[in-house]
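# Kindly generate the corresponding structure for this input.
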Amino acid sequence: MKKLIAIMMVLALGAALLVGCGQKEETPAPSGDGATSGTEAPANGEAAYEDGVYFAATEEFPADNAWKGAVTVVVEGGKIVSADFNGINKNGGPTKKEVSAAGNYPMVERGGAIAEYHEQAALAEAYLVETQDPTQINYTGEDGVTDAISGVTIKVQEYFELAQKALAAGPIIVGPYKDGGYQAEEAAFTNGWKYNVGLTVLNGNIVAVSWNGSNEEDPEQTKKQASMDGNYPMVEQGGAIADWHVQAAEVEKHLLETQDPTDINYTGEDGVTDAISGVTIKVKAFFTLAEEALKGAR
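Numbers count the residues shown, from 1 in each chain. Coordinates of the predicted model:
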C-alpha cells in the first residue's frame, strides 16, 4: 500500500512540472525598454533621407525663356527642413527670386498674378517641407499648374520634379562662394567691343556663367547675338575653328567644371590657351573678369 502511494505522488509531481513548463513557454518575454525585433520598423520611425544639401537644375535654357529651374533641398535629421525653388538666368547674375523680391519681375503689376514669383515659390517650398515627398502633388494640366497649394498659380511641376531628381542623386558638396549674382565689365571698348561676365552662385557653387560683349556703335547688340545672327563671321571670313558664341560657350563650360577662374594656363601674352578643346580665341579677358566678379563672393 505504501508503495502505491509513493508511485502516485511521483506521478502527481511530474504532472505539476509539465504544467509549469507549458505556462512558461506561453508567457511573452517582458519588453519594458520598448525593444522590437530587427524586422520591425522602430517605434519612432526611420530617417527618410540622408542629411545634407541637395541640388538639381534644368539641363538647358528654354528657347523661349531666359530662365531655367533650380532647386535646393536641405535635409536635417532625415527630414526636409527647407527648400529653395528658384530660377537661373542665361546671362548669369541674380536668381529669379532675388529679381522678383527687388521688384524687377512684376508678375502682379504686369501680368495680374495672384502674388509675386518669390511669394508663390515660398508657398510651394512650404508644401514640400510639409509633405516631405516631391511626388505627393497633382497637376491640373500639362502646363504643370496645380490646385493643391493655396495661393500658387505659377507652374510648379518643374520644381517638384527637380526636387525629386536632387533627392535621388544624393547630397552635394557645398562650394566656397557666397550665394548670389555677380557681374563685372571692362572699363573701355577694345576693337569696338567691351566684354562683360555674369555669374550665379547657389550653395557655394557657380551654376551659371555668361561671357558676352557690348557693341560700341550699337548698345543693343551683344557679341553673342551678333555671332549667332551671322554678323560676326569668324569662320566664314577669318577661317576660325568655330564662331565666337560657340567658342565662348566652351569657355563658360570650363569655368563651370573647374569652379575657379584662376585655374587656367595661357600659351602666351595674347591670352590664348590650349587648355580648352575647340577654343582658339583669346580668353584671358573672360577669366580676369570672372575673377574680379567673384571677389564679392569670397
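# Please make it C-alpha for all contacts and neighbour counts, starting now.
OK.
# domain ranges for the chain?
52-169, 180-297 (automatic domain parsing).
# Using TSV, lay out these together with mean pLDDT.
Formatted as TSV, the domains of the chain follow (pLDDT from 0 to 100):
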stretch	mean pLDDT
domain 52-169	97
domain 180-297	97
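# show me where the stretch 101-250 of the chain has helices.
107-111, 117-131, 157-169, 223-228, 234-238, 244-258 (DSSP state H, counting those that start in this stretch).
# contacting residues around Thr153?
113-114, 120, 145-147 (Cα atoms under 8 Å, 6 or more residues apart in numbering).
# Buried only: go through those residues for me.
Among the contacts of Thr153, those that count as buried by neighbour count (16 or more other Cα atoms under 10 Å) are 120, 145-146.
# export those to TSV and tack on distance to Asn86?
Below are the buried ones among the contacts of Thr153 laid out as TSV (distance: Cα to Cα, whole Å):
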residue	distance to Asn86
Gln120	11
Val145	16
Thr146	17
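# how long is stretch 171-180 end to end?
One end of stretch 171-180 to the other measures 21 Å (Cα to Cα, to the nearest Å).
# ok, and what's touching it?
50-55, 93-95, 200-206, 294, 297-298.
# Select only the buried ones of these in PyMOL?
The buried subset of the contacts of stretch 171-180, as determined by 16+ other Cα under 10 Å, is captured in PyMOL by this line:
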select buried, resi 50+51+52+53+54+55+93+94+95+200+201+202+203+204+205+206+294+297
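# Locate the nearest residue to Tyr105 once chain neighbours are set aside within the secondary structure: which element?
Nearest non-adjacent residue to Tyr105, counting by Cα to Cα, 6 or more residues apart in numbering: Val99, 6.0 Å away. Per DSSP states H and E: Val99 is located in helix 96-101.
# For that helix, which helices and strands make contact with it?
Other elements packing on helix 96-101 under the criterion 3 or more Cα pairs under 8 Å, 6 or more residues apart in numbering; DSSP states H and E are strand 79-89, helix 117-131.
# From the rest of the structure, what touches the longest one?
It refers to helix 117-131. Contacts of helix 117-131 (Cα under 8 Å, 6+ apart): 80-86, 96-98, 100-101, 105, 107, 134, 149-154, 156.
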